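> Next one to model:
(chains A and B)
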2 protein chains.
Amino acid sequence: MFGKKLKIGLFGFGVVGQGLYDVIHKSKGINAEIVKICVKHREKPRPIGMENFTFNKDELLEDKSIDVIVELIDHADEAFEIVSTAMKNGKAVVSANKKMIAEHLSELYQLQKQYDVPFLYEASVCGAIPIIRNLEEYYDNDLLDAVDAICNGTTNYILTKISEEALPYSEALRQAQILGFAESNPALDVQAFDPKYKLNILILHTFGLFVPHEKILNYGIEHLNECDATYAREKGLKIKLIAQTAKKGNNVIGFVMPKFVSKESLFFGVRNEFNAVQLSAAFSEKQFLLGKGAGSFPTASAVLSDISALSHHYRYEYKKVGQNGKLEFSNEEIIPVYMRYQNRDDVHQIKFESIDEEFQSPKHRYVTGTVKIKHLLDAGLNDRKDIFVCAL
Amino acid sequence: MFGKKLKIGLFGFGVVGQGLYDVIHKSKGINAEIVKICVKHREKPRPIGMENFTFNKDELLEDKSIDVIVELIDHADEAFEIVSTAMKNGKAVVSANKKMIAEHLSELYQLQKQYDVPFLYEASVCGAIPIIRNLEEYYDNDLLDAVDAICNGTTNYILTKISEEALPYSEALRQAQILGFAESNPALDVQAFDPKYKLNILILHTFGLFVPHEKILNYGIEHLNECDATYAREKGLKIKLIAQTAKKGNNVIGFVMPKFVSKESLFFGVRNEFNAVQLSAAFSEKQFLLGKGAGSFPTASAVLSDISALSHHYRYEYKKVGQNGKLEFSNEEIIPVYMRYQNRDDVHQIKFESIDEEFQSPKHRYVTGTVKIKHLLDAGLNDRKDIFVCAL
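Predicted structure coming up:
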């Protein structure tokens, strides 16, 4: 199938699709061409000639001369339809669609096995940071203990503005939207669905586990207010939205929620729309990767690296799947948290295991204590406007 | 050759060799065994049974059942002898010996071609940070503009102590030596030979150029004094020993020397014995990797990743060699520097293109200006005790 010039069928021509088009035309090392681009909207003006486009997906999916389908559309269900059909038709596939991938992780793994086709998706997690490739290949034999990530650029931008310029949440969000960082549905960012999808993919490549995404806590930053920001600032801390997974005995925990980080943490200095991943391993110890997590060119660059890898017969091997027989995903672990509330009764909105500190002033009331992850999940925190919970 | 259990012949059983022995025995995913270990000193007590050792290198090099030679000895010339013989005998080779590799880069490249054997050396640059692998595979199509690195843990430890605890250079060096960070020959670290060897390897994998190592400026931190440290502290800067390579038109520059870095630089926060690499590329923009650059387990972990990669038929492809036909290594570029001196005549020890600032007080005299890299190389700076030069 390879060794010759790669023929690509591209779905979607938004910012990333156009970025890929530019990057392929400017890069020297890649022997690939985009044969045709399938788009949805007939009336939209396009920056390149209409002869490059089709509106009929079968024109790409059924074309035997096309080796690789690159899927860069926004809609998760349509994306899965495209990707799974392409794989059934024996085509290699590259995608950046974290929502689609996280929702169909196990099916997509099976399709790769069943139809013996590679499916690569480096661009779906942390844009240009090559985290999946490194977890697959480079950290395949080391004993990984934990992976932590800032993997949503929008919320990191908002949190940076709140921390450094003391902007209120609403104003920081507005600025992020003007800059075009936000997802088409802002709840994906600020309620931490987007980083949860990415974490779900990371858990598979870190510990070899398929976790239904409903089991993973995603709690965002919508309810953070000035009291929380001031609390952090006075203590020399920053609030960051961290996706975490770690091994605790035979349990694997995984959740996304805001966390206070101190100056000692490498995440402290990760500003604006940057993403970062920290790996903790028995032998290589702490490793830290930082880069642009989104944007047209960084994401396109990750897609191009996947295309290039295909031309060298690369595929994910998922070596950790089955290797860690005893590991199980669990929300039973207890973690320390801060909770700011308005009325004393609100404290009971989550079930604390223990309460360590209580503070009350006319403006600011909070408790710190410990809680099981499952009780944070059960509490439906994204809908509880009167409290803000933050990992300590 | 592969697919079955990998049989390893190991040269050297110092900290890294012993680390590898431990890591192989603790890691789950690796299907490899160390058949025999060749060491030099007969009288040294060993932590494992003497039946594991030999003193005759041919016992490993001529053993047809051994697939992989892992070379982890200190002596560069002996290491080259071992590595080249192993390759001629058709064996895959893994090495961590940056001095040996940098001194024989072109020969080792030819040997790989001639005998069609893989030679991997991830552990030779920045320990556990997978920089060579990422340059080879992941950034193979992006247009790299520059790679900068803190790749010597000893000097970074010394510089951290000078900056944060205001220790004099000699005391900071002493502490690094007590902690066992320093190379067996301290000049390798403090005169920046060690990071120069690493830079030489990085230049090959970044721009595809073989550069004789004598052409690369290596200037260390031996002559840094309190005035320089105070100057940095007062301006909110830190002095870091940075290995830099960058493309300027058709020229590739590359040198190692101290540099003032500001809070905006990601290198500012790289403390103690940590290493870090920053990649600047057209599409993926800035990427930053940070991790332990030395130590028994981090280095062994990198060696193990190479061994594992061999079992998956991985080899460096050196795709950039020949791809960038017009690129040439050059020391003709002009860079801005700070120079502290004692007598006014000392200023003429390097040939400035221009002088921008002059400062004199009873304790501290310096100029800032611009200079061609080749004039810094010609000046033999490591031997000039009365001046200290630092890139701006």
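> quick one, what contacts A:R42?
A:F55 (CB atoms under 8 Å, 6 or more residues apart in numbering or on different chains). Glycine gets a C-beta too; all of them are placed from N, C-alpha and C.
> what's near enough to touch the nearest residue to A:Y341 once chain neighbours are set aside?
Of all residues not flanking A:Y341 in the chain, A:I387 sits nearest, at 4.9 Å (CB to CB, 6 or more residues apart in numbering or on different chains). Contact analysis of A:I387 by CB under 8 Å, 6+ apart lists A:223, A:339-342, A:346, A:349-350, A:381.
> What's the separation between A:I387 and chain B?
Taking CB to the nearest CB, to the nearest Å as the measure, A:I387 falls 33 Å from chain B.
> What distance do you get for that residue to A:A187?
Remark: distance between A:I387 and A:A187 (CB to CB, to the nearest Å) = 18 Å.
> Could I get the pLDDT score of the closest residue to A:N31 other than its chain neighbours?
Closest residue in space to A:N31, ignoring its immediate chain neighbours: A:K5 at 5.1 Å, by CB to CB, 6+ apart. A:K5 carries a pLDDT value of 86.
> A:K5: what's it in contact with?
A:31-33.
> Got the phi and psi for the spatially most central residue of chain A?
Central residue of chain A (CA atoms, centre = their mean): A:K198, 2.7 Å from the mean position. The phi and psi values for A:K198, taken as degrees, to the nearest 10, are phi -70, psi -40.
> same thing with A:F267?
A:F267 adopts backbone torsions of phi -70, psi -20, taken as degrees, to the nearest 10.
> hang on, isn't it packed against A:I242?
Yes. If you go by CB atoms under 8 Å, A:F267 and A:I242 touch, sitting 6.8 Å apart.
> Which neighbours do those two have in common?
Common neighbours of A:F267 and A:I242 (CB under 8 Å, 6+ apart) are A:148, A:150, A:261.
> The strand or helix carrying the first one: how far from the chain's middle?
Looking back up the chat, that one is A:D148. Assigned by DSSP states H and E, A:D148 belongs to strand A:144-150. For strand A:144-150, the gap between its own C-alpha mean and the chain's C-alpha mean amounts to 13 Å (CA atoms, centre = their mean, to the nearest Å).
> residues contacting A:A309?
Contact partners of A:A309, counting by CB under 8 Å, 6+ apart, are A:120, A:133, B:137.
> quick one on the thing from earlier: quick check: what element follows the strand holding A:D148 along the chain?
Using DSSP H and E, the next helix or strand after strand A:144-150 towards the C-terminus is helix A:153-165.
> and that next one, what other elements does it pack with?
Packing partners of helix A:153-165 (3 or more CB pairs under 8 Å, 6 or more residues apart in numbering or on different chains; DSSP states H and E): helix A:169-178, helix A:187-190, helix A:226-234, strand A:238-248, strand A:274-281.
> Let me know which of these is the nearest to chain B.
Closest to chain B of those is strand A:274-281 (CB to the nearest CB; 7.1 Å).
> Within the sheet, what are the partner strands of that closest one, with directions?
Counting by DSSP bridges, the strands paired with strand A:274-281 are strand A:144-150 (antiparallel), strand A:285-292 (antiparallel).
> any idea which of the ones you listed scores lowest on pLDDT?
Lowest mean pLDDT within those: strand A:285-292, at a mean of 91.
> Report the angle between the helix or strand that that strand is followed by and strand B:285-292.
Remark: after strand A:285-292, the chain's next helix or strand is helix A:296-311, criterion DSSP H and E. Orientation check (axes from the mean of the first three to the mean of the last three CA atoms, to 10 degrees): helix A:296-311 against strand B:285-292 gives 70 degrees.
> quick one on the thing from earlier: distance to B:N218, mean neighbour count and mean pLDDT added to the helices and strands packed on helix A:153-165, as CSV?
Compiled in CSV, the helices and strands packed on helix A:153-165 are given as follows (distance: least, CB to CB, whole Å; neighbours: other CB atoms under 10 Å in any protein chain shown; pLDDT from 0 to 100):
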stretch, distance to B:N218, mean neighbour count, mean pLDDT
helix A:169-178, 45, 16, 90
helix A:187-190, 46, 22, 93
helix A:226-234, 43, 17, 96
strand A:238-248, 38, 22, 97
strand A:274-281, 31, 23, 95
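> thinking again about what came up before, redo the strands paired with strand A:274-281 as JSON lines? Include mean neighbour count and distance to A:I73.
Conversion of the strands paired with strand A:274-281 to JSON lines gives the following (neighbours: other CB atoms under 10 Å in any protein chain shown; distance: least, CB to CB, whole Å):
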{"stretch": "strand A:144-150", "mean neighbour count": "23", "distance to A:I73": "25"}
{"stretch": "strand A:285-292", "mean neighbour count": "22", "distance to A:I73": "21"}
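> so where's chain A shaky on pLDDT?
Under the criterion pLDDT under 70, the flagged ranges of chain A are A:1-3, A:141, A:182-184, A:324.
> Can you lay out the strands paired with strand A:274-281 as CSV showing distance to A:N251?
CSV is the format used below for these (distance: least, CB to CB, whole Å):
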stretch, distance to A:N251
strand A:144-150, 12
strand A:285-292, 22
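> do you know how far whatever residue of the stretch 101-250 of chain A ends up closest to chain B is from A:I150?
Closest approach between the stretch 101-250 of chain A and chain B, counting by CB to the nearest CB: A:A128, at 3.7 Å. Separation of A:A128 from A:I150 (CB to CB): 14 Å.
> Also A:A96?
A:A96 sits 18 Å away from A:I150, going by CB to CB.
> for A:P168, same thing?
The value you get for A:P168 to A:I150, if CB to CB is used, is 21 Å.
> And for A:I355?
29 Å.
> what's the answer for A:A281, then?
As judged by CB to CB, A:A281 and A:I150 stand 19 Å apart.
> So which of the contacts of A:A309 belong to strands?
Applying DSSP state E to the contacts of A:A309, the entries found in strands are A:L120.
> could the contacts of A:A309 go into a markdown table alongside distance to B:L143?
Formatted as a markdown table, these follow (distance: CB to CB, whole Å):
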| residue | distance to B:L143 |
| --- | --- |
| A:L120 | 21 |
| A:R133 | 19 |
| B:E137 | 16 |
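> top of the contacts of A:A309 by neighbour count?
With neighbours taken as other CB atoms under 10 Å in any protein chain shown, the top of the contacts of A:A309 is A:L120, carrying 25 neighbours.
> The nearest residue to that one once chain neighbours are set aside: what's it in contact with?
Nearest non-adjacent residue to A:L120, counting by CB to CB, 6+ apart: A:D306, 3.9 Å away. By CB under 8 Å, 6+ apart, the contact set of A:D306 is A:94, A:120-123.
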